[in-house]
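Asks: The following comprises the amino acid sequence and a computationally predicted model.
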Amino acid sequence: MKKQSLRNMALRVFLMVVVIVFPVFTQYNPSPKFPNQHQPSQLMPPPVPQKGGQMFTTSGAVRAIAVFVQFADDSLSPTAANWPVTTGPVFLHDALDSTLTQQSENGNLTHYFRTMSFNQLQVFGDGFWVTTRHSKQYYIDKKQTFSEINQEVLKTLDSRIDFAKYDNWTFSNNRHTNEPDGVVDLIMIVYRESFYGTFNLHNGISVLFYGRDDLAVDNGKRHIRRGFPGSGFTLDGGINGFRADRAGHELGHKFIGSGHPRYHKDPPGVKNYAFWGILHSRSGMVNAYNRAWLGWSDLPEITTYEAIVTLADYLTTGDAVRIPIPGTRDESFILENHQCLSRFDEPNKFGDAKGLYIYHVKGNGPQPAYDIESADGRFDWDNPYWIQNPWGLRATDSIPVFSRLAPNPAGQDALDALQTTKMDERTRHPIYFKHFAEDSAGTAITTRRVYGDPADTFRMDGNRIFAPNTNPNSNLWDDRTSSGIYVELISEIKINNATIYTVRIS
């Protein structure tokens, strides 16, 4: 049994005790304003399966290689604090713990996976600093991509290290064994510069290189695997520091697969920053669906008609509940209490992120669609005018300013990609994320609301009820059909600057 199962077993025992000791909570008579419409149904979404990692293990100890690369002629901000040109990255030996006993809490990749997996996955290893053989312009003139440069870097590394230390696993279709197979397990290559698409690299990719053949190392005794899932991943932007969540995202593709989950009803190919998850963009912390799928935690289900649950901080305890929606094959609501006790807990980028979050899930696979039920509700929106991009990127293009109109439970919240009056030249869809909005005086202000704000959370001093006749409502994904589900935040206990919530579900 997973360690986290004990925590959730305790939660289930608590539920049974509440049913016995406080029957008023489980047999209460709903008021006319909030009638109980949650009816029995033979059709019910299945539980989230604990699949583990598809192409890479999600448990055990993995010894990895971190390679930090700069060009031979790199002169970009040569004394940058995170990565001076003459001395290399300051995180060279800190991006990974070098031993299993080190147990760092510095936000590195070891710390990240230890937190997300409840100590079930330990990624540790060694860092190496490599300067390319040629200038950046040389590779541009040769029309080379990150793939060719990475292969050159790995050949340079082959003369310096014994790859045998990094071949300890055999990965195969959800069945992984802790035995060497002649293939290097995990290499991450991090470039100093941010490329913005140069060398076919933008932020990161879960690939080291492409080609017809794997790369032989150790005089042919071992190989570095090409393509996807391959033997590792590539990141850029090391000059800005080492981001464990970005590295975790790329390794997450080997757990779950290629592509990214869809957010709400955004068109395919539109990258929305509105949600958190191992393959999402707002924050790389795993959500409760991720954790259950990867086998790191149970996800208790509320299938009785009425229940009382207590939820402590999600990320550090694993407390979360799933409400399968009767009458559907693939819809559910998940509740997570975020108290930001971990440095990785970042459910929004701006303001107080603490509170109860409710999100809608559609799908039963490794990458379902998600929608945060923003507690401040949904609205109609207008795109009255456009302004020039103030950040310099694609500066000749204008970007939309949005005006929030009347509340509309069938409308959109500020986390959605909103309808605009023009076609976006990149996505080829007439939508855009809400970076700008009008204030009460009609002035365009930067909001970046798509990254979240305190209005997303349900709290005792704010919106406490999520139901078929509230805004937001608990309707099905079609926004029309009632799910009959009610969630009410009924009490809270504050302990050491963190809040534990008690929630009634019916």
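Replies: Right, received. Where do you want to start? All figures in this text were calculated on a predicted structure; none of them were measured in a lab. Residues are numbered from 1 along each chain as shown.

Asks: so how far is the first residue of stretch 90-98 from its last?
Replies: 15 Å (Cα to Cα, to the nearest Å).

Asks: can you list the residues that contact that stretch?
Replies: Contact with stretch 90-98 is made by 64, 66, 68, 81-84, 89, 103-104, 106, 108-111, 123-129, 190, 241-242, 244, 247, as judged by Cβ atoms under 8 Å, 6 or more residues apart in numbering. Where C-beta positions appear, they are placed from N, C-alpha and C, glycine not excepted.

Asks: Write a PyMOL command that selects only the buried members of those residues.
Replies: Those of those that count as buried under 16 or more other Cβ atoms under 10 Å are selected in PyMOL with:
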select buried, resi 64+66+68+83+89+108+109+110+111+123+124+125+126+127+128+129+190+242+244+247
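
Asks: Okay, and which of the contacts of stretch 90-98 map to strands?
Replies: Using DSSP state E, 64, 66, 68, 123-129, 190 are the members of the contacts of stretch 90-98 that sit in strands.

Asks: so what are the domain limits for the chain?
Replies: 1-49+280-506, 60-256 (automatic domain parsing).

Asks: Residue 273: which of these is closest?
Replies: Residue 273 lies closest to domain 1-49+280-506 among the domains of the chain, at 4.5 Å (Cβ to Cβ).

Asks: measure the closest residue to residue 285 other than its chain neighbours to residue 108 for me?
Replies: Counting by Cβ to Cβ, 6 or more residues apart in numbering, residue 344 is the residue found nearest to residue 285 once chain neighbours are left out, at 4.9 Å. Here residue 344 is placed at a distance of 11 Å from residue 108 (Cβ to Cβ, to the nearest Å).

Asks: Quickly list what's touching both of those two.
Replies: By Cβ under 8 Å, 6+ apart, the residues touching both residue 344 and residue 108 are residue 244.

Asks: where exactly do the helices run in this protein?
Replies: 3-21, 23-26, 109-116, 136-141, 146-158, 244-256, 288-293, 314-317 (DSSP state H).

Asks: Now tell me which of the ones you listed the model trusts least on average.
Replies: Ranked on mean pLDDT, the bottom entry among the helices of the chain is helix 23-26, at a mean of 30.

Asks: Count the residues that sit near residue 223.
Replies: Applying other Cβ atoms under 10 Å, we find 19 residues neighbouring residue 223.

Asks: Please disregard the earlier target; I meant residue 423.
Replies: Neighbours around residue 423, by other Cβ under 10 Å: 11.

Asks: Residue 72 now?
Replies: Residue 72: 11 neighbours (other Cβ under 10 Å).

Asks: Next, the contact list for it, please.
Replies: So residue 72 contacts 131-136 (Cβ under 8 Å, 6+ apart).

Asks: Let me have the residues you listed in a markdown table, extended by distance to residue 455 and neighbour count.
Replies: Shown next, in a markdown table, are the contacts of residue 72 (distance: Cβ to Cβ, whole Å; neighbours: other Cβ atoms under 10 Å):
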| residue | distance to residue 455 | neighbour count |
| --- | --- | --- |
| 131 | 48 | 16 |
| 132 | 47 | 19 |
| 133 | 52 | 14 |
| 134 | 51 | 15 |
| 135 | 49 | 13 |
| 136 | 44 | 20 |
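
Asks: For the residues you listed, give me CSV that also has distance to residue 476.
Replies: Output for those, formatted as CSV (distance: Cβ to Cβ, whole Å):
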residue, distance to residue 476
131, 56
132, 54
133, 58
134, 57
135, 57
136, 52
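
Asks: Out of the residues you listed, which sit inside strands?
Replies: residue 131.

Asks: Among the contacts of residue 72, which one lies nearest to residue 369?
Replies: residue 136 (39.8 Å).

Asks: Might one say that residue 336 is in contact with residue 322?
Replies: No. Applying Cβ atoms under 8 Å as the test, residue 336 and residue 322 come out as separate, 10.3 Å apart.

Asks: Touching both of those two, which residues are there?
Replies: Shared contacts of residue 336 and residue 322, counting by Cβ under 8 Å, 6+ apart, come down to residue 288.

Asks: which of the two has more neighbours?
Replies: For residue 336 versus residue 322, neighbours defined as other Cβ under 10 Å are more numerous around residue 336 (23 against 20).

Asks: Check what pLDDT the more buried one gets.
Replies: Looking at residue 336, the pLDDT reads 98.

Asks: residues in contact with residue 492?
Replies: 460, 499-502.

Asks: Leaving out chain neighbours, which residue sits closest to residue 223?
Replies: residue 214 is the one closest to residue 223 (Cβ to Cβ, 6+ apart), at 4.1 Å.

Asks: Output the below-cut-off pLDDT ranges for the protein.
Replies: Scanning the chain with the threshold set as pLDDT under 70 gives 1-42, 267-272, 391-397, 424-435.

Asks: how close does the residue positioned nearest the centre of it sit to residue 203?
Replies: Nearest residue to the geometric centre of the chain (Cα atoms, centre = their mean): residue 277, 2.0 Å. Distance of residue 277 to residue 203, computed by Cβ to Cβ: 16 Å.

Asks: Understood, closing this out.
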